[in-house]
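Chemist: sequence and predicted structure below; questions after.
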Amino acid sequence: MSFAADGAGGARLEGEVLGRRWRLERGKPTRDYVVGEELRARADLALPEDVAAMVMNRSLKEALESKAFEQSTDQVRTGIDGSLPQEVRWLAMFDEFAWEGPPAAFWDRYAVVAERRETALAWVNAALARQLLDWPAPGPSSQVPFTLLLLRGRAYLRMEYRPANLPTLQHAALVFTSACESALRTPVDVALE
């Protein structure tokens, strides 16, 4: 793993997971729902293009759904404008899934949406669910915006970097690499066969 500062106050971690390169960056937010610094991670996993799944903290899901509803019912507007992030389209296009296994605390904190239930089940295994709950203290609260997704063959993480401390950064990298490992080791494309 390597670390580098970018000179503009941001930083970058890079490494490999099962032979696939990944990058985690700290910098200015690219989504309006993130306040302060943002952590963004990306890895090209060479998954089938049709694999689509997202883990999102429940409070962000509810806030985005509320904002989309307000925009769609605004009497002055005739539709939803382009300012809504892609995550809102995911919430509209894909179903939310839940299953036995992860503890109730996981489902209280997170929502899992996917194109196919089998993809969600294969990707969000018990170990990943546990890591998503086990942030080191003081860690991000359930209100801190967080998304983890598989899209177009890649894995992504996006979260508000709060609290901005080394344990949060390390755990975010662990969650992301674990999500990548899970996607690479399990048949997340089982429903495509």
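Modeler: Noted; the coordinates are in hand. Residues are numbered from 1 along each chain as shown.
Chemist: spatially central residue for the chain, please.
Modeler: Note on the chain: the residue nearest the mean C-alpha position is Leu148, at 1.5 Å, using Cα atoms, centre = their mean.
Chemist: in three-state terms, label it for me.
Modeler: The assignment at Leu148 comes out as strand when based on DSSP: H, G, I helix; E, B strand; the rest coil.
Chemist: what lies in contact with the longest helix anywhere in the chain?
Modeler: Counting residues, the longest helix in the chain under DSSP state H turns out to be helix 166-185. The set of residues external to helix 166-185 that reach it, using Cβ atoms under 8 Å, 6 or more residues apart in numbering, is 13, 15, 17-18, 20, 22, 24, 26, 39, 41, 43, 45, 47, 51, 55, 122-125, 127-128, 131-132, 134-136, 139-140, 148, 150, 155, 157, 159, 161-162, 188. Backbone N, C-alpha and C define where each C-beta goes, glycine included.
Chemist: at 6 Å instead, please
Modeler: 13, 17-18, 24, 39, 41, 43, 45, 123, 125, 128, 131, 135-136, 148, 150, 155, 157 (Cβ atoms under 6 Å, 6 or more residues apart in numbering).
Chemist: same thing with stretch 24-37?
Modeler: Residues contacting stretch 24-37 (Cβ under 6 Å, 6+ apart): 10-13, 38-41, 85, 145, 160-161, 164, 173.
Chemist: rerun at 7 Å
Modeler: Applying Cβ atoms under 7 Å, 6 or more residues apart in numbering, the set of residues contacting stretch 24-37 from outside is 10-13, 38-41, 60, 63, 85, 145, 158, 160-162, 164, 172-173, 176.
Chemist: tell me the span between the first and last residue of that stretch.
Modeler: 13 Å (Cα to Cα, to the nearest Å).
Chemist: buried residues in that stretch?
Modeler: Neighbour-count burial for stretch 24-37, counted by 16 or more other Cβ atoms under 10 Å, picks out Leu24, Glu25, Arg26, Gly27, Pro29, Arg31, Tyr33, Val34, Glu37.
Chemist: and of those, the nearest to Asp108?
Modeler: If you rank the buried residues of stretch 24-37 by distance to Asp108 using Cβ to Cβ, Tyr33 comes first, at 19.8 Å.
Chemist: and the closest one, how far from Arg40?
Modeler: Distance of Tyr33 to Arg40, computed by Cβ to Cβ, to the nearest Å: 13 Å.
Chemist: same question for Ala105.
Modeler: Ala105 sits at a distance of 26 Å from Arg40 (criterion: Cβ to Cβ).
Chemist: for these two, indicate the residue with more neighbours.
Modeler: Arg40 (22 against 12; other Cβ atoms under 10 Å).
Chemist: hmm, Ala41 is touching Trp22, no?
Modeler: Yes. In this structure, Ala41 is within contact of Trp22 by Cβ atoms under 7 Å, at 6.4 Å.
Chemist: buried ones among the contacts of helix 166-185?
Modeler: Taking 16+ other Cβ under 10 Å as the criterion, what is buried in the contacts of helix 166-185 is 13, 17, 24, 39, 41, 43, 45, 123, 125, 128, 131, 135, 148, 150, 155, 157.
Chemist: I appreciate the help and will end here.
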